[in-house]
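Student: Sequence first, predicted coordinates after that:
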Amino acid sequence: MSSTIPTSAETCTFTSSSEGYRTMKTPSLNKGLGFTADERNKMGLKGLLPPAELTLEAQVQVTMEEFRRKSSPLDKYIFLQSLQDTHSTLYYAVLSGHTHETMPFVYTPVVGEACQKFSQIYRHTPQGLYLSIDDRGELRSILDNWPQDDIRAIVFTDGERILGLGDQGIDGMGIPVGKLALYTACAGVHPDHCLPVTLDVGTNNQDKLDNPYYIGRREKRTTGAEYDAFVGEFIEAAVDKYGKAVMLQFEDFGNSNAFRLLHQWQDKVCCFNDDIQGTAAVALAGVLASTRVTGVPVQDNRFLFLGAGEAGAGIAELIAYAIHRETDKSIEECRKQIFMLDSKGLVCKSRIGGLQHHKIPFAHAVDHTVDLLSAIKMLKPTALLGVSTIPKSFNQSVVEEMTSLNERPLIFALSNPTSKAECTPEEAYTWSNGTAIYASGSPFEPVELDGKIYTPGQGNNAYIFPGIGLAAVASGATRITDLDMYIAAKALADAVPQERLDSSCVYPHLENIREVSLQVAMAVTANKYATGQASVLPQPVDLEKHIRSVMYEPTYT
Ligand SMILES: O=C([O-])CC(=O)C(=O)O
Ligand SMILES: [Mg+2]
């Protein structure tokens, strides 16, 4: 009898009648209990399923009940990831139908914790491509290992600056996976067109290097020309395989690489940096929408940033661009009402010799001070924007000073994840006697103060990048420009309903994000055609109809 025991290799093979089994093991084809009796008969599924049949709606309901039963945030994250790995239609139906409730567990803040522990919770299934710098010269052929050939949107990171949590090395993969899930859930970009990528050039995070379970390359980061050549090889391989309209989103690169790579590639391929440009568009949208509450147009504001990294410089430049569009002033002139404070104090003329390139345009002729409160007293800003990753830096005196200077101060505490926010909404509303117009990068619950409900806006780039991705796919965009970001910001600001503004919130509700993304995508798509940067030709007569027709709906068809 022992001679009939199969070898381990033989146990791996499928029989000719295992088609149904393979269908159920393919996440995008699996319907679980959603397979009808007819399908079960025709597809060889009988016996592989218990007899019950559930509609997709019922599956969403039971999944949400299970999701709510999980008590730890990381368990909720793992639960949703398991669903994506096994039954992706249901996963996207859950995300699209319950965006407000599930998004924090796919994206910020919990994706931050997931990246910190990514090696321990590794999912044993391909979620995207891991490209190592040791694979140089082979990147183009490795792309062929991914099962989908029609890729239109790539989010890629080198893991060096994951949210405000610093270097996570290859464990940063959680970010491209989470961002692309939102491309689909928030804007209907088809999941088969999306590819998450992590470039593994090593890590300088000693805890990772010392962790026996770390799944990445166990070396310090490669830098300099070798690094640039590797990133360049990847971008060129992607364009070669997927065509010139493949959209590449830079995500969570370190400061120095982020600016350099963006400048190097933005005029050559269809790309943008979400942390510089996406964050800029969402922050500008909040400022534009605030005009409907304060009556103060963008050009009549004075802006002070705490933090002068990617987000700070990106937002500041886009605000200057918006003021330039609204007035006759030159960009240089517009920058004069925008100030930044970094780890060495106020960015100003006397520091110009030692400043990084992206800060120099904002080094104005003002006195140097190291302290935020004295900078506020001196500069009298109307808007305070936190992009510093220093929690609690907007303290009581800071918010009170902003309140004494302004009837409705803008307080945007944008650092991610939640633990890095410069202040909470409760603090901002309490210390400003309810006058602050507050936004954060990560989600917070509404606050009740003296019987009134205040709704903090989530000033997160999730309102922008999915719509940009949808526009890129719908038009076959060959470039993404600053003008696109300005147009996207205006579309987002216009999409904020009055009742949100009435509760001091300058962003739309997340439950409506698909419609908001559609508005953003329509505005950007129109610009792609107007500027000759569309490759889906001829231009569709009815843009809205065209865009809706490419939007993925999670259904069993
Ligand atoms: O992921 C987010 O929530 C926003 C973002 O890009 C970042 O903080 O790096
Ligand atoms: Mg980011």
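Tutor: Everything's here; your move. Ligands and ions are numbered 1, 2, ... in the order given.
Student: Quick check: residues of the stretch 151-300 of the chain near ligand 1?
Tutor: Counting by C-beta under 6 Å from any ligand atom, the stretch 151-300 of the chain comes close to ligand 1 at 163, 252, 274-275. (C-beta placed from N, C-alpha, C; glycine too.)
Student: Repeat the analysis, applying 8 Å as the threshold.
Tutor: Applying C-beta under 8 Å from any ligand atom, one finds that the stretch 151-300 of the chain approaches ligand 1 through 161-164, 175, 178-179, 251-252, 274-275, 278-279.
Student: ditto for the stretch 351-500 of the chain
Tutor: Where the stretch 351-500 of the chain comes near ligand 1, counting by C-beta under 8 Å from any ligand atom, the residues are 414-417, 441-442, 460-462.
Student: what's the domain layout of the protein?
Tutor: Taking automatic domain parsing as the domain assignment, the record places the domains of the chain at 16-54, 125-269, 281-460, 463-548.
Student: Write the PyMOL selection for whichever of the residues of the stretch 151-300 of the chain next to ligand 1 are buried.
Tutor: For selection in PyMOL, the members of those meeting the burial criterion (16 or more other C-beta atoms under 10 Å) are listed in this command:
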select buried, resi 161+162+163+164+175+178+179+251+252+274+275+278+279
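Student: From the residues of the stretch 151-300 of the chain next to ligand 1, which land in helices?
Tutor: Within these, residues falling in helices by DSSP state H are 175, 178-179, 279.
Student: possible to save the residues you listed as TSV with pLDDT?
Tutor: Shown next, in TSV, are those (pLDDT from 0 to 100):
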residue	pLDDT
I175	98
G178	98
K179	98
T279	98
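Student: Need the max-distance pair from those.
Tutor: The two members of these with the most space between them (C-beta to C-beta) are G178 and T279, at 15.7 Å.
Student: circling back to that earlier point, nearest to Q61, of the domains of the chain?
Tutor: In terms of C-beta to C-beta, the element of the domains of the chain nearest to Q61 is domain 16-54, at 9.0 Å.
Student: Give the buried residues for that closest one.
Tutor: Neighbour counts using 16+ other C-beta under 10 Å place 20-21, 23-24, 27, 30-35, 40, 43-45, 49, 54 of domain 16-54 among the buried residues.
Student: Now go through the residues you listed and say which are in helices.
Tutor: In helices, judged by DSSP H, the following of the buried residues of domain 16-54 are found: 20-21, 23-24, 40.
Student: CSV please, covering those residues and showing pLDDT and distance to ligand 1.
Tutor: Putting these into CSV (pLDDT from 0 to 100; distance: C-beta to the nearest ligand atom, whole Å) gives the following:
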residue, pLDDT, distance to ligand 1
G20, 94, 39
Y21, 95, 38
T23, 96, 34
M24, 97, 33
R40, 96, 41
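Student: and P196, which of the three is it?
Tutor: State at P196, reduced to three classes by DSSP: H, G, I helix; E, B strand; the rest coil: strand.
Student: Okay, it and ligand 1: tell me how far apart.
Tutor: In this structure, P196 lies at 13 Å from ligand 1, with C-beta to the nearest ligand atom, to the nearest Å as the measure.
Student: coming back round to it: widest-spaced pair of the ones in helices among the buried residues of domain 16-54?
Tutor: Using C-beta to C-beta, the two most remote members of these are Y21 and R40, lying 12.3 Å apart.
Student: coming back round to it: can you lay out the ones in helices among the residues of the stretch 151-300 of the chain next to ligand 1 as TSV showing distance to Y242?
Tutor: As requested, those are arranged in TSV below (distance: C-beta to C-beta, whole Å):
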residue	distance to Y242
I175	21
G178	21
K179	18
T279	26
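Student: From those residues, pick the one nearest E400.
Tutor: Among those, and counting by C-beta to C-beta, the member closest to E400 is T279, at 27.1 Å.
Student: I figured the closest one hits L414, correct?
Tutor: Yes. Shown here, T279 and L414 form a contact pair, counting by C-beta atoms under 8 Å, at 7.1 Å.
Student: and T7, what pLDDT?
Tutor: At T7, the model reports a pLDDT of 53.
Student: let me fix that: T13
Tutor: In the prediction, the pLDDT value recorded for T13 is 63.
Student: Could you shift the numbering so residue one becomes 232, and keep it that way?
Tutor: In the new numbering, first residue 232, that becomes T244.
Student: does V601 sit in a helix or strand, and which one?
Tutor: Using DSSP states H and E, no element contains V601; it sits outside every helix and strand.
Student: Next: R779.
Tutor: Secondary-structure assignment from DSSP H and E places R779 in helix 774-781.
Student: Give me the buried positions along that helix.
Tutor: Going by neighbour count (16+ other C-beta under 10 Å), the buried part of helix 774-781 is 774, 777-778, 781.
Student: would CSV of those with distance to S561 and pLDDT be doable?
Tutor: CSV is the format used below for the buried residues of helix 774-781 (distance: C-beta to C-beta, whole Å; pLDDT from 0 to 100):
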residue, distance to S561, pLDDT
L774, 33, 98
H777, 38, 98
I778, 35, 98
V781, 39, 97
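Student: Among those residues, give me the pair with the biggest separation.
Tutor: Across the buried residues of helix 774-781, the two lying at the largest distance from each other (C-beta to C-beta) are L774 and V781, at 11.1 Å.
Student: Please report the distance of the residue lying closest to K651 once chain neighbours are set aside from ligand 2.
Tutor: Excluding the flanking residues, the one nearest K651 by C-beta to C-beta, 6 or more residues apart in numbering is G395, at 3.9 Å. Distance, G395 to ligand 2, by C-beta to the ion, to the nearest Å: 9 Å.
Student: Then A724?
Tutor: Counting by C-beta to the ion, the separation of A724 from ligand 2 is 21 Å.
Student: Those residues of the stretch 382-531 of the chain touching ligand 2, which are they?
Tutor: 483, 506 (C-beta under 5 Å from the ion).
Student: One more: the chain?
Tutor: Taking C-beta under 5 Å from the ion as the test, the list of the chain residues beside ligand 2 reads 483, 506.
Student: worst-scoring helix or strand of the chain, pLDDT-wise?
Tutor: helix 239-242 (a mean of 50; mean pLDDT, DSSP states H and E).
Student: Quick one: the helices in the stretch 582-731 of the chain, in order.
Tutor: For the stretch 582-731 of the chain, applying DSSP state H, counting those that start in this stretch gives helices covering 603-610, 627-636, 656-662, 696-706, 713-725, 729-733.
Student: could the ones you listed go into TSV alongside mean pLDDT and mean neighbour count?
Tutor: Compiled in TSV, the helices of the stretch 582-731 of the chain are given as follows (pLDDT from 0 to 100; neighbours: other C-beta atoms under 10 Å):
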stretch	mean pLDDT	mean neighbour count
helix 603-610	98	18
helix 627-636	98	18
helix 656-662	98	23
helix 696-706	98	30
helix 713-725	98	23
helix 729-733	96	13
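Student: Tell me which of those lies nearest to M295.
Tutor: Go through these one by one with C-beta to C-beta and the one that ends up closest to M295 is helix 696-706, at 21.8 Å.
Student: Restricting to C-alpha, output that closest one in PDB.
Tutor: Included here for helix 696-706 are C-alpha records, laid out as PDB according to Å, rounded to 0.1, in the frame of the first residue of the first chain:
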ATOM      1  CA  PHE A 696      -5.400  60.700  -5.500                       C
ATOM      2  CA  PRO A 697      -8.200  58.200  -6.300                       C
ATOM      3  CA  GLY A 698      -9.900  60.800  -8.500                       C
ATOM      4  CA  ILE A 699      -6.600  61.700 -10.200                       C
ATOM      5  CA  GLY A 700      -6.100  58.000 -10.800                       C
ATOM      6  CA  LEU A 701      -9.500  57.700 -12.300                       C
ATOM      7  CA  ALA A 702      -8.900  60.700 -14.600                       C
ATOM      8  CA  ALA A 703      -5.500  59.200 -15.700                       C
ATOM      9  CA  VAL A 704      -7.200  55.900 -16.600                       C
ATOM     10  CA  ALA A 705     -10.200  57.500 -18.300                       C
ATOM     11  CA  SER A 706      -8.100  59.800 -20.400                       C
END
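Student: so that helix versus helix 713-725, what angle?
Tutor: 120 degrees (axes from the mean of the first three to the mean of the last three C-alpha atoms, to 10 degrees).
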